[in-house]
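Student: got a sequence here, can you build the structure:
(4 chains)
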Number of protein chains: 4
Amino acid sequence: MKIALISENSQAAKNGIIHEALTSVAEPFGHEVFNYGMYTAEDDAQLTYVMNGLLTGILLNSKAADFVVTGCGTGMGSMLACNSMPGVFCGLVIDPTDAFLFNRINDGNAISMPYAKGFGWAAELNLQDCYRKLFEEEGGLGYPEERAEIMAKNRGVLSGLKDVTCQDMMTVLKNIDQDLLKSAVAGEKFEEYFYPNSQDDEISGYLRSL
Amino acid sequence: MKIALISENSQAAKNGIIHEALTSVAEPFGHEVFNYGMYTAEDDAQLTYVMNGLLTGILLNSKAADFVVTGCGTGMGSMLACNSMPGVFCGLVIDPTDAFLFNRINDGNAISMPYAKGFGWAAELNLQDCYRKLFEEEGGLGYPEERAEIMAKNRGVLSGLKDVTCQDMMTVLKNIDQDLLKSAVAGEKFEEYFYPNSQDDEISGYLRSL
Amino acid sequence: MKIALISENSQAAKNGIIHEALTSVAEPFGHEVFNYGMYTAEDDAQLTYVMNGLLTGILLNSKAADFVVTGCGTGMGSMLACNSMPGVFCGLVIDPTDAFLFNRINDGNAISMPYAKGFGWAAELNLQDCYRKLFEEEGGLGYPEERAEIMAKNRGVLSGLKDVTCQDMMTVLKNIDQDLLKSAVAGEKFEEYFYPNSQDDEISGYLRSL
Amino acid sequence: MKIALISENSQAAKNGIIHEALTSVAEPFGHEVFNYGMYTAEDDAQLTYVMNGLLTGILLNSKAADFVVTGCGTGMGSMLACNSMPGVFCGLVIDPTDAFLFNRINDGNAISMPYAKGFGWAAELNLQDCYRKLFEEEGGLGYPEERAEIMAKNRGVLSGLKDVTCQDMMTVLKNIDQDLLKSAVAGEKFEEYFYPNSQDDEISGYLRSL
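Tutor: The predicted model follows:
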């Protein structure tokens, strides 16, 4: 999978720790990690948790990323913003069992974690354990496994619900505050990572035109 | 506030414990609790976590409820379904500090909690502590308080984002699978609790016509 | 109650936060808090977690304190050291429900908490919530309450076990490495707080003679 | 290592789940697991958490076991009882990071876990993750590793403290309530597991003579 890491401004200083934990776990399983920043609290391109959500929507709907790892101080704001977007199913993950069950049952395409609340000494160990649960096996295997089918069915119903409740991504891009959108894609490496990986010409074209 | 409690089928047997914890905490603060069920695992009207989300959307958009307390085994499915709906900002709350910070910072209108994962002996104590943090003071006071204003601003941007990404509730009701919708409002006490409290004639009218 | 706060060197910088949380909660319930330090990481008198345990044993066995609040990075070392001492029953408390159940069931006379692991943003809120559970009601009320009697009986058996397994405090003081002992009572305010509150002349006399 | 599992009466019904989780993790690392029971809530030999502690002291001081896994409803009572015994350093472990840090820093010889509080759906996953952290590597490696030496030094000081504060095991066995002692070693498989593994003839002899 192509995994995108997105950090917002309040926890930008921890981007390095998170990136290190994520790559150390995900790359040995054959996944590729793209760090979209913020990289430090002083980055020119400042991302709020709302922009995190918008950027997550762009990466997943364009298939530039298969999975997004994001978060904020409590994880809540980024989670809310991500889940506002079409086609994004973002879990709030605090411990390894959350991560395991989210992957087994909900099989979403994004997680948000708290990087300030509860984030003390040795917190990078918990990050690694959570990422391992997410990325060591495919999603949707069910827990317990004999309930995999009914869980898959409910995911299908949820997905159908979201198709009805959400606008499609191009409509979102056109109608959203264009300054917010520009800020969401202003990261130093957005261009380098996004355009070669995007599989949606319409989204890519629109973003290039900004 | 009018607080609605919604339980889905996998944790329906715990509806009584949750209701007891919620009323014992919320009513002394002057809030009113409406228990929309499920009441037992054997209820005729079976709610999945997806229907939880749809029902939450109906209650909040019609203003029949000001706040929704829901959940499922891990809390994740109900949270995802709730956040798929227009105008719903549903936190995942596991401990009292989550509840406090969600209320102070995110000031949402729904929470989802895990009622199976981590739900062992004395779990009703944690429920009470979480509810107390949510309902003992108004939302949005900020934490730390001097950041209340910037937090409010970000909530406004998030709310604007969601207005763009989501269809309005009437469009959702008309386009959603009508069997799913009927199931979501089939609870034994829906009629008794919803219609006298709904403040949206269009939503009420549409649901009556089903 | 007379509550003593003891911090060891690795988390000494957080003594102020802990003291503030403890006094803000305990004093309104009529308890008195004595801060035995360490006060800053640079204090002349350096306490290790082992000395925390020894000092806890001194304060409780002399009745200079009725309850000790201590901890270390994970809470584990201080807990182990405290529980090595005669007459000390020290719980490891991480969340408010731990605190509540420890007070209700185990009714010990000390707690150790983690002040580095899991200690992130807003951690002082959790401290306050834990202290509130400990100090807002008397110990040993039982949970559930109808089991209070059997719980009290088990505590009595445990106390009897410890009487057999441990040396008495004076024997400990005389046989322990006297440099370790001197270090444990070298805090800036030990003299001011301890001697007026100690109710055991033999312990006081021995410590004065060092 | 020889790992002993001990369950007390309130959580005896979960002995099977715990044993399954423990063996599935520990045996592949080459460890041997001895299940001392209780096996079911209806066992003839009823163990309280205090007896858990006494039995733990017997197993570790006789070297019949190298490590003890025990617990109770909250884990607290068993932890207190274990730490009352000479030569026992029992951590309270709730999550995998606790287990990891306890093994790395405190390098104790027993853990107590909560098997009721927080023990909900999928709790066996957390058990496995905790056991893995404990048993996949040797103890005392330090965290961070460059502090291994200072951590080892503190453990030595703690061990010395406990040598002074505690009676030796034979003194404990002789002075303890002999009915309590008989109950602690009355388990169905005590004889089968203990005597062939004990490396202390005096302890074995005394227990046989009861």
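Student: only C-alpha atoms for contact and neighbour calcs from this point on.
Tutor: Noted.
Student: got a list of what the closest residue to residue A:184 other than its chain neighbours touches?
Tutor: Once flanking residues are discounted, residue A:184 sits nearest to residue A:51: 4.9 Å by CA to CA, 6 or more residues apart in numbering or on different chains. By CA atoms under 8 Å, 6 or more residues apart in numbering or on different chains, residue A:51 lies in contact with A:81, A:180, A:181, A:183, A:184.
Student: so is residue A:51 in a helix, a strand, or just coil?
Tutor: Using DSSP: H, G, I helix; E, B strand; the rest coil, the three-state assignment for residue A:51 comes out as helix.
Student: and it, what pLDDT?
Tutor: Looking at residue A:51, its pLDDT stands at 98.
Student: contact partners for the most centrally placed residue in chain A?
Tutor: The residue lying closest to the centre of chain A (CA atoms, centre = their mean) is residue A:68, at 2.3 Å. Residues near residue A:68 by CA under 8 Å, 6+ apart: A:3, A:4, A:5, A:6, A:56, A:60, A:109, A:110, A:111.
Student: likewise for residue A:27?
Tutor: By CA under 8 Å, 6+ apart, the contact list for residue A:27 reads residue A:33.
Student: next one: it relative to residue B:198, how far apart?
Tutor: 52 Å (CA to CA, to the nearest Å).
Student: helices or strands next to the longest helix along chain A in the packing?
Tutor: With secondary structure taken from DSSP state H, chain A has its longest helix at helix A:148-165. In terms of contacts (3 or more CA pairs under 8 Å, 6 or more residues apart in numbering or on different chains; DSSP states H and E), helix A:148-165 is packed against helix B:49-61, helix B:169-175.
Student: tabulate these (a markdown table), appending distance to residue C:88.
Tutor: Converted to a markdown table, those look like this (distance: least, CA to CA, whole Å):
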| stretch | distance to residue C:88 |
| --- | --- |
| helix B:49-61 | 48 |
| helix B:169-175 | 60 |
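Student: tell me the most buried of these?
Tutor: helix B:49-61 (a mean of 27; mean count of other CA atoms under 10 Å in any protein chain shown).
Student: can you give me the strands in chain A?
Tutor: Under the criterion DSSP state E, chain A contains strands at A:2-5, A:32-35, A:67-72, A:90-92, A:110-114.
Student: number of residues surrounding whichever residue of chain A sits closest to chain B?
Tutor: Proximity of chain A to chain B (CA to the nearest CA) peaks at residue A:166, 4.3 Å away. Using other CA atoms under 10 Å in any protein chain shown, residue A:166 has 25 other residues around it.
Student: I'd say it and residue A:86 touch.
Tutor: Yes: using CA atoms under 8 Å, residue A:166 is in contact with residue A:86, at 5.4 Å.
Student: common neighbours of the two, please.
Tutor: The contact lists of residue A:166 and residue A:86 share residue B:165, where a contact means CA under 8 Å, 6+ apart.
Student: residues of chain A that sit close to chain D?
Tutor: Within chain A, the positions near chain D by CA under 8 Å from any CA of the partner chain are A:97, A:122, A:125, A:126.
Student: go again using 6 Å as the cut-off
Tutor: By the rule CA under 6 Å from any CA of the partner chain, no part of chain A lies against chain D.
Student: need the residues of chain A near chain C, please.
Tutor: Residues of chain A lying near chain C (CA under 6 Å from any CA): A:116, A:117, A:118, A:119, A:120, A:121.
Student: mind listing what the fourth one touches?
Tutor: Which is residue A:119. Shown in contact with residue A:119 (CA atoms under 6 Å, 6 or more residues apart in numbering or on different chains): C:118, C:120.
Student: okay, it: pLDDT?
Tutor: At residue A:119, pLDDT is 98.
Student: for stretch A:161-175, what is the average pLDDT?
Tutor: The average pLDDT for stretch A:161-175 rounds to 98.
Student: can you give me the end-to-end span of that stretch?
Tutor: Its start and end residues considered, stretch A:161-175 measures 22 Å (CA to CA).
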